[in-house]
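model the following, please.
(one chain, ligands or ions: 1)
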Amino acid sequence: MRLLEVRDLEVTYAGGAAAVRGVDLTVDAGQKLGLAGESGCGKSTLALALLRLLPSGTRVSGEILLDGEDVLGMRWGRVRAVRWAGASIVFQGAMHSLNAVHRVGDQIAEPILLHRTATPTGARKKAGELLEHVGLPAARASAYPHELSGGQRQRVMIAMALACDPRLIIADEPTTALDVMIQAQILRLIEQLVADQDLGLIMISHDLAVLSDTCDRLAVMYAGRVVEEGPAQSVYENAHHPYARALSAAFPRIGDPASRFAPRGLPGDPPDPAALPSGCTFHPRCSVALDGCATEDQRLRDAGPVRRAACVHVGVPGSAGPGGRTGATSVGAGAEVGLGVEAAVETEADTASAADEAVGEPASEAVGDAVGEPAGDAVGDAVGEAVGEARSSTP
Ligand SMILES: Nc1ncnc2c1ncn2[C@@H]1O[C@H](COP(=O)(O)OP(=O)(O)OP(=O)(O)O)[C@@H](O)[C@H]1O
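Next comes the predicted model:
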């Protein structure tokens, strides 16, 4: 069953940063989609757009269908109902996202009370059950965040995300701040919950190794676009796009200790989304770029029955495309790979919507409000604080 369908999503911040550019993706019940990319590629912006958590003044266009409902066209009352209940987000850095002066049980119960799906007694009982569900004793409900370890706090965040029985969970770097052992436990917990409850999952990380180990499918983002997507293991082990290959080579391979000693970096940084390079936005960093890459935009095209990639080399025999490309880790920083310069450029029509629509709220309501919610909305405020905190803690 299709839970989420995103079509041609574009997000431009008020200052002109084109953070998400023409993204299409889908998530079905029981499916785990990994969203990968370096810092600044637009992953969190995409996640925030799904639940209308972007700052007011941000221009959003395209289509987001959550359980078939048009999220961008929803009235604010409906948006509030859908947050937590239709889809919810687990942010990185639980210490920043939890309120330090409230007991964790009360914080888990809060969205239940706001959605009026239980009485205060019922909400407290459910908070205890949810804690047990994520592997903590119900009695920990009376603890304050500082009384819990980092892993326990992240379990609380997951319990909170499950409080209103959402169908889709968005986990934005859920294990980044945790040590490797705890990280593995939290990832297994998320996998278990998704399987048990037939949820959809979008997991965001810069770490392709973690995503390929946890998710079924991977979408690799660069400069606001998905540049490669397909089954998680095959994208990780045999990426078609030079950026996806470099990202994959940058992380030690699970089950391959030798790779721990030979991670490769990618020189340079992702471009400023307010001043993107012409053509393929990856071309200034690409060791296999052709002359035309500086002028020819590349959109996703088929790179096999279940794979897509946005690179001029895809599909060219003897090149980076399927049917002749070199190994997954062969293109790292500065690596030389001989590619056919006669590669056919197969640029798709740019389907970006001409009429960007400002998806926000009336200006009178938006003033001073971090998430574009009417003032006084407790859920919006709490989420806004969490967003602000989580984002300010982003390295
Ligand atoms: N509120 C904002 N106003 C203007 N630009 C923003 C805002 N938030 C993010 N950006 C810019 O949008 C781009 C995408 O940021 P985003 O946080 O979505 O990337 P990301 O891939 O999630 O990175 P990270 O992993 O560091 O969170 C970046 O260049 C960032 O500076």
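
excluding its backbone neighbours, what's nearest the residue in the stretch 151-300 of the chain positioned nearest to the ligand?
When scored by C-beta to the nearest ligand atom, the stretch 151-300 of the chain has P273 as its residue closest to the ligand, at 4.6 Å. C-betas here are computed from N, CA, C, even on glycine. Leaving aside its chain neighbours, P273 sits nearest to A17 (4.1 Å; criterion: C-beta to C-beta, 6 or more residues apart in numbering).

tell me who's in contact with that neighbour.
Contacts for A17 were tallied using C-beta atoms under 8 Å, 6 or more residues apart in numbering; they are 272-274.

try it again at 10 Å.
Applying C-beta atoms under 10 Å, 6 or more residues apart in numbering to A17 gives the contacts 11, 40, 42, 45, 58, 224, 272-276.

again with E5
Contacts of E5 (C-beta under 10 Å, 6+ apart): 24-28, 63-68.

selecting buried members of those in PyMOL, what would you type?
To isolate the buried ones among the contacts of E5 in PyMOL, judged by 16 or more other C-beta atoms under 10 Å, type:
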select buried, resi 24+25+27+64+65+66+67
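
strands - which of the contacts of E5 land there?
Of these, the ones assigned to strands by DSSP state E are 24-28, 63-66.

pLDDT score for D198?
With respect to pLDDT, D198 scores 94.

gap between it and A184?
23 Å (C-beta to C-beta, to the nearest Å).

which one of the two is surrounded by more residues?
Neighbour totals were compared for D198 and A184, and A184 leads with 16 against 13 (other C-beta atoms under 10 Å).

any idea how far the host helix or strand of the more buried one is from the chain center?
Taking DSSP states H and E as the definition, one finds A184 inside helix 180-197. A distance of 17 Å separates the centroid of the chain from that of helix 180-197, by C-alpha atoms, centre = their mean, to the nearest Å.

next SSE after that helix?
strand 200-205.

ok so, going back, and the furthest pair within the ones in strands among the contacts of E5?
Pairwise distances across these peak at 17.0 Å for D28 and E63 (criterion: C-beta to C-beta).

interface residues of this protein facing the ligand?
13, 15, 17, 19, 37, 39-45, 55, 206, 273, 394 (C-beta under 6 Å from any ligand atom).

which ones among the residues you listed are found in strands?
A19.

for ChimeraX, what selects the buried ones among the residues of the chain next to the ligand?
Buried residues among the residues of the chain next to the ligand (16+ other C-beta under 10 Å), as a ChimeraX selection:
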select :13,17,19,37,40,41,42,43,44,45,55,206,273
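
flag the least confident of the residues of the chain next to the ligand.
Ranked by pLDDT, those bottom out at T394, which scores 31.

who's the spatially most central residue of the chain bridged to?
Nearest residue to the geometric centre of the chain (C-alpha atoms, centre = their mean): I204, 3.6 Å. Beta-bridge partners for I204, by DSSP bridges, are L35, D172.

what about stretch 30-43, start to end distance?
21 Å (C-alpha to C-alpha, to the nearest Å).

next, L33: secondary structure please.
On the three-state scheme (DSSP: H, G, I helix; E, B strand; the rest coil), L33 is labelled strand.

count of residues packed around it?
Applying other C-beta under 10 Å, we find 23 residues neighbouring L33.

ok, it to V6 distance?
For L33 relative to V6 (C-beta to C-beta), the value is 11 Å.

joint contacts of those two?
25-27, 202.

closest to the ligand among the residues you listed?
For the shared contacts of L33 and V6, the nearest to the ligand is I202 (12.2 Å; C-beta to the nearest ligand atom).

in contact with the closest one, which residues are there?
3-4, 6, 25, 27, 31-35, 43, 46-47, 50, 87, 89, 168-172, 215, 219.

now, of those residues, which are buried?
Here, 16+ other C-beta under 10 Å leaves 3-4, 6, 25, 27, 31-35, 43, 46-47, 50, 87, 89, 168-172, 215, 219 buried among the contacts of I202.

output the below-cut-off pLDDT ranges for the stretch 201-350 of the chain.
252-265, 316-350 (pLDDT under 70).

now the strands for it?
With strands called from DSSP state E, counting those that start in this stretch, the stretch 201-350 of the chain shows them at 217-222, 225-231, 301-302, 308-309.

do the stretch 1-150 of the chain as well
2-12, 18-28, 32-36, 59-66, 69-70, 87-90.

tell me how far stretch 305-313 lies from the chain's centre.
Centroid separation between stretch 305-313 and its chain, computed with C-alpha atoms, centre = their mean, is 20 Å.

ditto for stretch 274-286
Averaged C-alpha coordinates place stretch 274-286 at 22 Å from its chain's average position (C-alpha atoms, centre = their mean).

ok, stretch 24-35 next?
With C-alpha atoms, centre = their mean, you get 10 Å for stretch 24-35.

okay, how far is it across that stretch, tip to tip?
12 Å.

next, count neighbours for the residue nearest to L247 when sequence neighbours are not counted.
In this structure, L247 finds its nearest non-sequential neighbour in L208, 5.4 Å apart by C-beta to C-beta, 6+ apart. By the criterion of other C-beta under 10 Å, L208 has 26 neighbours.
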